[in-house]
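Visitor: Return atomic coordinates for the entry below.
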Amino acid sequence: MNGTAPITLQDSLSRPRWTSGVAIVPLAHVAVMLLSLAAFLTLLVLRAQDDNRLTSWQWVFSDADVFRLTPILVVGLLLAAALARVPFPGRRPASVLFVLSFAAGALSWAEPEVIVDTARYFTQAKHVELYGVGYFLTQWGGQIGAWTDLPLVPLLYGLIFSLLGEDRIFIQVFNTLLFSGSVVLTYLIGKTLWDATVGLYAGALLLGMPYLLAQVPLMLVDVPTMFFLTLAVFMTIQALERGGTGLMALAAVAVALAFWTKYSTWLMLSVL
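Guide: Residues are numbered from 1 along each chain as shown. Below you'll find the predicted structure:
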C-alpha cells in the first residue's frame, strides 16, 4: 500500500533483514548453523552404533571433551556466518583463491602420516632416489611392487627426494601447491563454462571440505590425482574451444598425466 515491495521467501533466505539498526542473520545461515551443530551432536550420541574396525566414531570421541568442543563449534559457526556476509575480493579472484587454499592446506602440515598407504609411496619414491628414473620405470610392477596405484605420483615424490632431500616439508609444499592449483583450475573451468561467479563459488567450495583438507599434507596420491584430472579437463576444454596444435598437444599431455596417476581416473576421464 505504501509502495514498498513485499519481502519474498527468497529475500528472507538470502539477505539479512534489519530491525532497529540490528542485522538479523538470514534464515539460510541459521539453518546451516543448526544443521552443522546437529550433525556433530548426532555423531556423538550415536557413536556406539559405529562398528567400523578401521576408523570408528567411537575412537574420535573417546578422549574428546564434548563440553569444550561444543562451545568452540558454536563460536566457529557464528564466525562463519559473519564472514559469509563479507564480500569476496572482486579483483584477481584466482590469486585470492590460490593464497587462501595454500594457507588452508599449510595449517595441517603438522598432521602426522596416519594412513599406511604412505609407506608404499615412500618405498617407491625411495627407489627413484637410489636407482634413478630409468630403473623405476622399467621395474615398476615387477621388482617394485604395485598395488592399486600408478607410477606418476611416486615418481614425482622420488624426484623431490633426489633434488631436495627426504624432508617431509618438501612433499607437503608440493601437495599443497597442487591442491591450490586444483582450486584455481576449478575456478577457471567454471568461468569458462558458465561465468566468473560460478567458477568462484566452485573453487571456494573445495575449501569447505574438511576431509579434502586433511589429505593435503599426507604423502598419498589423491591430491595430485585431483590436480592432474582437473588439469586434463581444463586443457581439453581450452583445446576444443580455441583449437591449435599447441593446445591440442598440451591437452594430450595433461590427459596422459592424469591417466598415470590412479586407476580411478580412467573412468573419470570419460567426462572428456
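
Visitor: So what does Leu247 have for phi and psi?
Guide: As for Leu247, its main-chain torsions (degrees, to the nearest 10) stand at phi -70, psi -40.

Visitor: dump the residue contacts of the nearest residue to it once chain neighbours are set aside.
Guide: By the measure of C-beta to C-beta, 6 or more residues apart in numbering, the closest residue to Leu247 outside its immediate chain neighbours is Ala239, 4.2 Å from it. Where C-beta positions appear, they are placed from N, C-alpha and C, glycine not excepted. Ala239 makes contact with Leu247, Met248, Leu250, Ala251 under the criterion C-beta atoms under 8 Å, 6 or more residues apart in numbering.

Visitor: now with 7 Å?
Guide: Residues in contact with Ala239, defined by C-beta atoms under 7 Å, 6 or more residues apart in numbering, are Leu247, Met248, Ala251.

Visitor: contacting residues around the helix or strand that contains the last one?
Guide: Applying DSSP states H and E as the criterion places Ala251 in helix 245-259. Outside helix 245-259, the residues within contact range by C-beta under 7 Å, 6+ apart are 152, 228-229, 231-232, 235-236, 238-239, 265-266, 269, 272.

Visitor: repeat for stretch 29-43
Guide: Identification of contacts with stretch 29-43 by C-beta under 7 Å, 6+ apart yields Trp57, Leu73, Val74, Leu77, Ala81, Ala84.

Visitor: at 8 Å instead, please
Guide: Here stretch 29-43 makes contact (C-beta under 8 Å, 6+ apart) with Trp57, Val60, Phe61, Leu69, Thr70, Leu73, Val74, Leu77, Leu78, Ala80, Ala81, Ala84.

Visitor: Could you identify the buried members of these?
Guide: Among these, the ones that count as buried by 16 or more other C-beta atoms under 10 Å are Phe61, Leu73, Leu77, Ala81.

Visitor: any weak-confidence spans in the chain?
Guide: Flagging of the chain using pLDDT under 70 yields the residue ranges 1-25.

Visitor: quick one, strands of it?
Guide: 17-19, 22-24 (DSSP state E).

Visitor: Distance check, Leu206 against Met248.
Guide: Note on Leu206: its distance to Met248, by C-beta to C-beta, to the nearest Å, is 28 Å.

Visitor: related to what we said a few turns ago, just the buried subset of the contacts of helix 245-259, please.
Guide: Among the contacts of helix 245-259, those buried by neighbour count (16+ other C-beta under 10 Å) are Leu152, Phe228, Leu229, Leu231, Ala232, Met235, Thr236, Gln238, Ala239, Thr265.
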